[in-house]
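Novice: sharing a model prediction with you, sequence too.
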Amino acid sequence: AQTVTQSQPEMSVQEAETVTLSCTYDTSENNYYLFWYKQPPSRQMILVIRQEAYKQQNATENRFSVNFQKAAKSFSLKISDSQLGDTAMYFCAFLFTGANSKLTFGKGITLSVRP
Amino acid sequence: DTAVSQTPKYLVTQMGNDKSIKCEQNLGHDTMYWYKQDSKKFLKIMFSYNNKELIINETVPNRFSPKSPDKAHLNLHINSLELGDSAVYFCASSQVFHEQYFGPGTRLTVT
């Protein structure tokens, strides 16, 4: 079974600064995807970024980038130039590409961006 | 255009009632899901359908019954509602082994 761990329950960052959210996972699978989802107060789940396990290059989407360390089973999200609209709960998620594939979420981290 | 839609967005009902939540996706995806988000914001999959066929059924009470009339729709019917069923229920869709797109969620409150 796969597990996803987000050990920091909450973080705070000053607007325009950079923040890194941590995530570790445990799996015996070799082929999988990792995702970060954002859930603002509106409760809509929004995909932020995805990473394929077979790709060594870290994914980047505008101000969002990941540090994917496959051997260490670590998948952190870096948010650069933080904006007030980044205030949300962030979930790390794991998807293995096998039979009965399902998305496993971490417990989430609440990020507050201070003006 | 709404990619994944759910109705209703809010549902308040009394214990013992039966209720349904509807979900539709216009993304052409083959797979649809139901998730439950509890009061601590933990998200857990309940069901998954691929081309109208049930492929994942987590340990959910059989008071919960999903129905997929076609691959664009996945409804959730809940019988004999209990206080512990209060939560936010999310529908999602994806192509197989790809990122999932979520609906806006339905906040169910059982009194």
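Specialist: Structure received.
Novice: middle-most residue in chain A, spatially?
Specialist: Centroid-nearest residue in chain A, with C-alpha atoms, centre = their mean: residue A:36, separated by 3.2 Å.
Novice: what does the residue nearest to residue A:114 when sequence neighbours are not counted show for phi and psi?
Specialist: Nearest non-adjacent residue to residue A:114, counting by C-beta to C-beta, 6 or more residues apart in numbering or on different chains: residue A:14, 5.3 Å away. Just so you know, the C-beta spots here come from the backbone N, C-alpha and C atoms, and that holds for glycine as well. The phi/psi pair for residue A:14 (degrees, to the nearest 10) reads phi -80, psi 140.
Novice: gap between residue A:14 and chain B?
Specialist: Residue A:14 sits at a distance of 24 Å from chain B (criterion: C-beta to the nearest C-beta, to the nearest Å).
Novice: how near is that residue to residue A:82?
Specialist: According to C-beta to C-beta, to the nearest Å, residue A:14 and residue A:82 sit 7 Å apart.
Novice: contacting residues for residue B:71?
Specialist: Counting by C-beta atoms under 8 Å, 6 or more residues apart in numbering or on different chains, residue B:71 touches B:29-30, B:32, B:49, B:51-52.
Novice: and if we set it to 10 Å?
Specialist: Residue B:71 makes contact with B:25, B:28-32, B:49-53, B:93, according to C-beta atoms under 10 Å, 6 or more residues apart in numbering or on different chains.
Novice: for residue B:69, phi and psi?
Specialist: Per-residue torsions, residue B:69: phi -70, psi -30 (degrees, to the nearest 10).
Novice: residues touching it, list them.
Specialist: Residue B:69 neighbours (C-beta under 10 Å, 6+ apart): B:52, B:75.
Novice: just the pLDDT for it.
Specialist: The confidence metric pLDDT takes the value 92 at residue B:69.
Novice: now swap in residue B:16 and tell me
Specialist: The model reports residue B:16 with a pLDDT of 97.
Novice: helix, strand or coil for it?
Specialist: Assigned with DSSP: H, G, I helix; E, B strand; the rest coil, residue B:16 falls in the coil class.
Novice: so how far is residue A:32 from it?
Specialist: Per C-beta to C-beta, residue B:16 is found 42 Å from residue A:32.
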